[in-house]
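In: okay, structure incoming, though there's no sequence with it:
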């Protein structure tokens, strides 16, 4: 598959950095303290703004205070956090004005995680603090395209979560998903799926970003999964 776009909008957690351990430990601590099933909290939180997860699971609590506690826990917990395979060569191939990050994390948490993972942090990113509605609403990715001065149709979203893939598609972007944290079946909103960014080559051609990858065959992958 050869794809050409004018800009790339990267999700952060599960696309650029692996932070599953921190996320799961934080939400387990919060859930146990707030009388919520930890598995439900973790499942709800993936790909979603923390403040919206709090509102869904404990609408009776002060969401701003809960967000501050969650943010503090996640910023302090970097155990196991690392840049994901395939990310470094892709970012090294992209001039800064060709890409940005659109994340459900707060600005403070996003910058802390990317800096810890050794990722060059763009000056301007879209974070949970900057939108009125988070993923799966299209607002974050529409804002990301605006940040690059592009129409959504000119951008590729790279995601790993179902809510993120839905947000990118709803915004009008093309969506490439990886299988880092979600099942193939849950990523139906994505246009293409790859196992990881190691399977994607990126270069600049005629002022456009050219991506070369072999998409996962949905039918074959589904058949393989059912066979096991």
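Out: Sure, I can see it. From a predicted model like this one, the values you see are computed outputs, not experimental measurements.
In: can we go C-alpha only for contacts and neighbour counts from here?
Out: Noted.
In: could you list every residue that touches the spatially closest residue to residue 17 that is not a sequence neighbour?
Out: Distances taken as Cα to Cα, 6 or more residues apart in numbering put residue 83 closest to residue 17, at 4.4 Å, once the chain neighbours are dropped. If a contact means Cα atoms under 8 Å, 6 or more residues apart in numbering, then residue 83 has 16, 17, 18, 117, 118, 119 as its contacts.
In: and the gap between residue 83 and residue 143?
Out: When distance is defined by Cα to Cα, to the nearest Å, residue 83 is 25 Å away from residue 143.
In: any weak-confidence spans in the protein?
Out: Within the chain, the stretches falling below the threshold (pLDDT under 70) are 181-183, 218-228.
In: give the buried residues for the strand or helix carrying residue 25.
Out: Assignment of secondary structure by DSSP states H and E places residue 25 within helix 20-34. Under the neighbour-count criterion of 16 or more other Cα atoms under 10 Å, helix 20-34 has 20, 22, 23, 24, 25, 26, 27, 28, 30, 31 buried.
In: and it, what does it pack against?
Out: When contacts are defined as 3 or more Cα pairs under 8 Å, 6 or more residues apart in numbering; DSSP states H and E, helix 20-34 packs onto helix 38-45, helix 63-76.
In: out of those, which gets nearest to residue 161?
Out: helix 38-45 (10.6 Å; Cα to Cα).
In: now do the closest one against helix 20-34, angle only.
Out: Angle, helix 38-45 to helix 20-34, by axes from the mean of the first three to the mean of the last three Cα atoms, to 10 degrees: 120 degrees.
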